[in-house]
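J.: A structural model of the following input is requested.
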Amino acid sequence: MKISADEIASVIQQEIEQFESKVDVNEVGTVLEVGDGIARVHGLSNVAAGEMVEFDGGIIGLAFNLEETSVGVIILGDYLKINEGDSVKALGKLLSVPVGDAVIGRVLDPLGNPLDGKGPVNSAKTRPVEVIAAGVAERQPVGEPMSTGLKAVDAMTPIGRGQRQLIIGDRKTGKTAIGIDAILNQKGSGVKCFYVAVGQKDSSVAGVIRELEERGAMDYTTVIVSGASSPAPLQYIAPYAGTAMAEEFMFDGQHCLIVYDDLSKQAVAYRELSLLMRRPPGREAYPGDVFYCHSRLLERSAKLSAELGGGSITALPIIETLEGEVSAYIPTNVISITDGQIYLQPDLFFAGIRPAMNVGISVSRVGGAAQVKAMKNVSGSLRLDLASFRELEAFAQLGTDLDPATQARLDRGYRMVELLKQAQYRPLSMTDQCMLIYAGTKGYLDPVALDDVGRWQDEFLEFMQTKKKASWDIMHNSLDDGGALKKPDNEATKAVVEALEEFNKNFS
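T.: Just a heads-up that it's a prediction; the model follows:
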């Protein structure tokens, strides 16, 4: 085949016109020292705080300390593979994680790498791990309920979408159980759930994942794991990574629930990094900006304005206390950032009262505005009733003879405590919760023996679902009716009262 000189000339001319000179400029530094998950690097004079850097071998780091002659880098990988004298390249971008539907149902590390053996995360979209939270003008007040399925929580410390409700207590008092029950209760609601495990034992996290899978909750849940064996830098960034994944759905107008289990471990990891970087220690050796570490994380949970789609992130941060010391540094920090707290007490837990919520210092500062109206009607005085019951109980232990009215109040208090007990992984619908608490507060449990309260509850719920399904449906459709379970002549109230009276006649 012959090619004419004109054709050759036109091809050369076209190549010249389309030629673009590309110069790939990278700032490269050298490792001065490395150890304990951090490295000191010389030569990266233009690197920005929070910018990603890459070591030889592809290990990623994060510029953490910008000093006069060197840069302190936290290593997001195996620091034992990095040696003094290795080259370090600034990547010119912030740390990002994959987001979107591809992360739902997966178990990931804080960098978005899969840990579940189900192959890579096929998402073309990423979001920066650190972003500035939405401002006041971009938010709206909390007004939609976020039910946990737990009677004690939904009745006395209700949570709304966009709220940050702290779960606080000593170890082994059921803190994780409340977060997992809240995730299980979102089944069928369209809420995307995220469980961030920071510093937890791998066996404990595996048990949580197994429960989520067995109960069908992994269909709408993402688990981000940075276990006790993970390096401190990964434990530090894990909550931010989980929040970035949730924000993708929030800004798309959807609703998310995120459980941070737990932020005490993240604070310890941040303290470790800060001390290794020789930042000055403050109270309890934590750096002075540990408050900002948690505030900039939790402020990202919000209910967005209608103009931005009305999406939300509801946060359930967990904090572990030592010997019930809620006035320690990290607990008081997080209490001041959040919109309420659920305080779990060890002696209640070991007495079999689970969830072991202390109603005296547990509070929800905004969730009452989002509480279902029927629940608000039946649980209005529940907190005060339980508080006065605790006082009466302490008085009765003195052995004093009690008048019949006081004894009746005590007996009802014992039954309400028994009614509020709930087995793990058994969240209840809001309809069932409202009917049960109405039965307790209105005295329908007074004739029932204390040991039979649990059986009464199970049999009554079964009775409503089988023989009185029409009454259950009326109650279900009246949850947001202000008169439901408040006005005696309301249709829903009548249906529930008739069902309770009929059931109690035949209960033995």
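
J.: helix or strand: which one has residue 410?
T.: According to DSSP states H and E, residue 410 maps onto helix 404-420.

J.: how about the CA coordinates for the following helix or strand past that helix, as CSV?
T.: Using DSSP H and E, the helix or strand that follows helix 404-420 in sequence is helix 430-441. In CSV, the C-alpha atoms belonging to helix 430-441 read as follows (Å, rounded to 0.1, in the frame of the first residue of the first chain):
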residue,chain,number,x,y,z
MET,A,430,-43.8,1.5,68.0
THR,A,431,-47.4,0.2,68.0
ASP,A,432,-46.5,-2.7,70.4
GLN,A,433,-44.5,-0.4,72.6
CYS,A,434,-47.3,2.1,73.0
MET,A,435,-49.9,-0.5,73.9
LEU,A,436,-47.6,-2.2,76.5
ILE,A,437,-46.7,1.1,78.2
TYR,A,438,-50.4,2.2,78.2
ALA,A,439,-51.3,-1.1,79.8
GLY,A,440,-48.6,-0.6,82.5
THR,A,441,-49.4,3.1,83.3
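
J.: list the contacts of helix 430-441.
T.: 145, 147, 149, 151, 154-155, 372, 374-375, 378-379, 381-382, 385, 412, 415-416, 419, 428, 445, 457, 460-461, 464, 472, 475-476, 479, 484-485, 496, 500 (CB atoms under 8 Å, 6 or more residues apart in numbering). The C-beta positions use only the backbone N, C-alpha and C, and glycine is treated the same way.

J.: at 7 Å what do you get?
T.: With contact meaning CB atoms under 7 Å, 6 or more residues apart in numbering, helix 430-441 is reached by 147, 151, 154-155, 372, 374-375, 378-379, 382, 415-416, 419, 445, 457, 461, 464, 472, 475-476, 479, 485, 496, 500.

J.: what's the answer for stretch 370-387, then?
T.: Defining contact as CB under 7 Å, 6+ apart, one finds that stretch 370-387 is touched by 142-145, 154-156, 158, 160-161, 359-360, 413, 416, 430, 433-434, 437-438, 441, 478-482, 484-486.

J.: what about those, which are in helices?
T.: Among the contacts of stretch 370-387, the ones falling in helices (DSSP state H) are 154, 155, 156, 413, 416, 430, 433, 434, 437, 438, 441.

J.: what sits against the first one?
T.: Applying CB under 7 Å, 6+ apart to residue 154 gives the contacts 147, 148, 375, 430, 433.

J.: go through the residues you listed and say which is closest to residue 490.
T.: residue 375 (14.7 Å; CB to CB).

J.: any weak-confidence spans in the stretch 301-450 of the chain?
T.: 399-400 (pLDDT under 70).

J.: can you pull out the strands in it?
T.: Taking DSSP state E, counting those that start in this stretch to define them, one finds strands in the stretch 301-450 of the chain at 312-320, 340-344, 363-364.

J.: go through the helix holding residue 410 and flag the buried ones.
T.: Using 16 or more other CB atoms under 10 Å as the test for burial, helix 404-420 gives 410, 412, 413, 415, 416, 417, 418, 419, 420.

J.: same check on stretch 157-176?
T.: Buried residues in stretch 157-176 (16+ other CB under 10 Å): 157-170, 173-176.

J.: restricted to strands, list those residues.
T.: Within the buried residues of stretch 157-176, residues falling in strands by DSSP state E are 166, 167, 168, 169.

J.: domain parsing of the chain, as residue ranges.
T.: Domain assignment for the chain, taken from automatic domain parsing, gives 28-94, 98-371, 378-506.

J.: just the terminal-to-terminal distance for stretch 353-367.
T.: Stretch 353-367 has an end-to-end distance of 23 Å (criterion: CA to CA, to the nearest Å).

J.: who's in contact with residue 216?
T.: Contacts of residue 216 by CB under 7 Å, 6+ apart are residue 187.

J.: so residue 258 sits in a strand?
T.: Yes - counting by DSSP: H, G, I helix; E, B strand; the rest coil, residue 258 is part of a strand.

J.: just the CA trace of the lowest-mean-pLDDT helix or strand in the chain, in PDB.
T.: Counting by mean pLDDT, DSSP states H and E, the chain has its least confident helix or strand at helix 5-18, which shows a mean of 79. Extracted C-alpha coordinates of helix 5-18, given in PDB (Å, rounded to 0.1, in the frame of the first residue of the first chain):
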ATOM      1  CA  ALA A   5       3.500  12.600   1.000                       C
ATOM      2  CA  ASP A   6       0.400  14.800   1.500                       C
ATOM      3  CA  GLU A   7      -1.200  12.100   3.800                       C
ATOM      4  CA  ILE A   8       2.000  11.900   5.900                       C
ATOM      5  CA  ALA A   9       2.200  15.700   6.100                       C
ATOM      6  CA  SER A  10      -1.500  16.000   7.200                       C
ATOM      7  CA  VAL A  11      -1.000  13.300   9.900                       C
ATOM      8  CA  ILE A  12       2.100  15.000  11.300                       C
ATOM      9  CA  GLN A  13       0.300  18.400  11.300                       C
ATOM     10  CA  GLN A  14      -2.700  16.900  13.100                       C
ATOM     11  CA  GLU A  15      -0.400  15.400  15.800                       C
ATOM     12  CA  ILE A  16       1.300  18.700  16.200                       C
ATOM     13  CA  GLU A  17      -2.000  20.500  16.700                       C
ATOM     14  CA  GLN A  18      -3.200  17.900  19.200                       C
END
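
J.: can you name the element that comes right after it?
T.: Once helix 5-18 ends, the next helix or strand along the chain (criterion: DSSP H and E) is strand 28-35.

J.: strand partners (parallel or antiparallel) of that following strand?
T.: strand 38-42 (antiparallel), strand 87-94 (antiparallel) (DSSP bridges).

J.: could you export the shortest one as CSV, CA atoms only?
T.: What that stands for is strand 38-42. C-alpha atoms of strand 38-42 as CSV (Å, rounded to 0.1, in the frame of the first residue of the first chain):
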residue,chain,number,x,y,z
ILE,A,38,4.5,7.5,62.5
ALA,A,39,7.4,8.8,60.3
ARG,A,40,9.3,12.0,60.1
VAL,A,41,9.9,13.2,56.6
HIS,A,42,12.3,15.8,55.2
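
J.: pLDDT on the helix or strand just after that strand, on average?
T.: Where DSSP H and E defines the elements, the next helix or strand beyond strand 38-42 is strand 51-55. What strand 51-55 shows for mean pLDDT is 94.

J.: residue 203 belongs to a strand, doesn't it?
T.: No - going by three-state DSSP, the assignment for residue 203 is helix, not a strand.

J.: quick check: bridge partners of the residue lying closest to residue 194 once chain neighbours are set aside?
T.: Distance criterion CB to CB, 6 or more residues apart in numbering; nearest residue to residue 194, sequence neighbours excluded, is residue 258 at 4.3 Å. On the basis of DSSP bridges, residue 258 is bridged to residue 194, residue 315.

J.: now do residue 258 against residue 427, distance only.
T.: 18 Å (CB to CB, to the nearest Å).

J.: now swap in residue 340 and tell me
T.: For residue 340, the distance to residue 427 equals 19 Å [CB to CB].

J.: same thing with residue 467?
T.: 23 Å.

J.: so between the two, which is more surrounded?
T.: residue 427 (25 against 13; other CB atoms under 10 Å).

J.: can you give me the strands in the stretch 51-200 of the chain?
T.: So, for the stretch 51-200 of the chain - with DSSP E, counting those that start in this stretch - the strands run 51-55, 60-66, 71-75, 87-94, 96-98, 107-108, 126-128, 166-169, 192-198.

J.: among those, which comes closest to residue 328?
T.: Nearest to residue 328, of all those, is strand 166-169, at 10.5 Å by CB to CB.
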